[in-house]
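>>> sharing a model that was predicted from the sequence below.
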Amino acid sequence: METYRVSSKVRDNNREYLIQTSNDAHLGAVATSVFVNGEPKETVNCPHPNDVSPQDIVSLVKVAHEEKKKEIELLLGAYRRALDSGSPDMLFHLGTAFHYKGFIEEALELFSTAVRIKPDYHEAHNYLGLTEMAAGRIDRALESLVRAVEQRPAYADYRNNLGEAYLASNAAKRAILEFEQAISINMYYADAYLNLGMAHI
């Protein structure tokens with residue numbers, strides 16, 4: 001079966017978002033990938049029947065591509081509105097969407113702005129730390145995660161996340177203390193047990 005490809009570029013805030021969609025005959029799917037400044041961030045596969053006609057494949061490629069392009073444009077529009085709004089909640093919730101999509105720089109800016117406006121926003125400090133870790137900025141991640149734990153010391157997730165940051169910075173003893181705290185708060189916390197074992201190793 002012939003391969004059909006569609007590409008589009010969206011530019012916003014000194015970043016280029018490349019959207020590429022094509023059919024993959026081996027997978028029996030239409031795949032749409034998003035790249036931010038040349039780095040792959042997201043790929044979505046939409047399966048289709050094996051006996052689909054070439055005309056239908058072309059249509060599926062175009063529809064999948066336009067849907068992803070529209071999604072990126074809507075997200076970027078929401079990103080600009082959130083930054084202009086000064087609403088910590090809007091910044092935080094949109095930041096989590098960008099974080100889970102792997103759009104790290106956008107998520108960092110949203111969470112950083114949220115905690116600048118509302119310094120006691122513990123959820124935003126926690127996600128800012130997680131996003132800094134995803135960006136490989138362990139020292140900054142530690143700062144944010146320590147702030148989250150200081151504000152909510154009884155949150156097992158925050159303790160576990162801080163432990164992971166300590167482990168990433170080769171501070172195993174401090175990581176062990178955080179994982180133990182997470183387990184003392186939630187004795188069923190499987191991830192914390194796993195992390196504790198890794199820290200001991």
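That came through, no problem.

>>> what's in contact with stretch 47-55?
Stretch 47-55 has contacts (C-beta atoms under 8 Å, 6 or more residues apart in numbering) with 1-2, 23, 27-30, 56-57, 60. The C-beta positions use only the backbone N, C-alpha and C, and glycine is treated the same way.

>>> make it 6 Å
With contacts defined as C-beta atoms under 6 Å, 6 or more residues apart in numbering, stretch 47-55 is touched by 28-29, 60.

>>> give me the buried entries from those.
Neighbour-count burial (16 or more other C-beta atoms under 10 Å) is assigned, among the contacts of stretch 47-55, to 29, 60.

>>> so which of the contacts of stretch 47-55 are in strands?
Applying DSSP state E to those, the entries found in strands are residue 29.

>>> ok, the contacts of stretch 47-55 vs residue 140, which is closest?
Nearest to residue 140, judged by C-beta to C-beta, of the contacts of stretch 47-55 is residue 29 at 38.1 Å.

>>> okay, that closest one and residue 93: tell me how far apart.
31 Å (C-beta to C-beta, to the nearest Å).

>>> with residue 110 instead?
In terms of C-beta to C-beta, residue 110 sits 9 Å off from residue 93.

>>> now do the same end-to-end measure for stretch 42-57.
End-to-end distance for stretch 42-57: 21 Å, by C-alpha to C-alpha, to the nearest Å.

>>> pLDDT on that stretch, on average?
What stretch 42-57 shows for mean pLDDT is 89.

>>> how far away from the center of its chain is that stretch?
Centroid displacement of stretch 42-57 relative to its chain, using C-alpha atoms, centre = their mean, to the nearest Å, is 27 Å.
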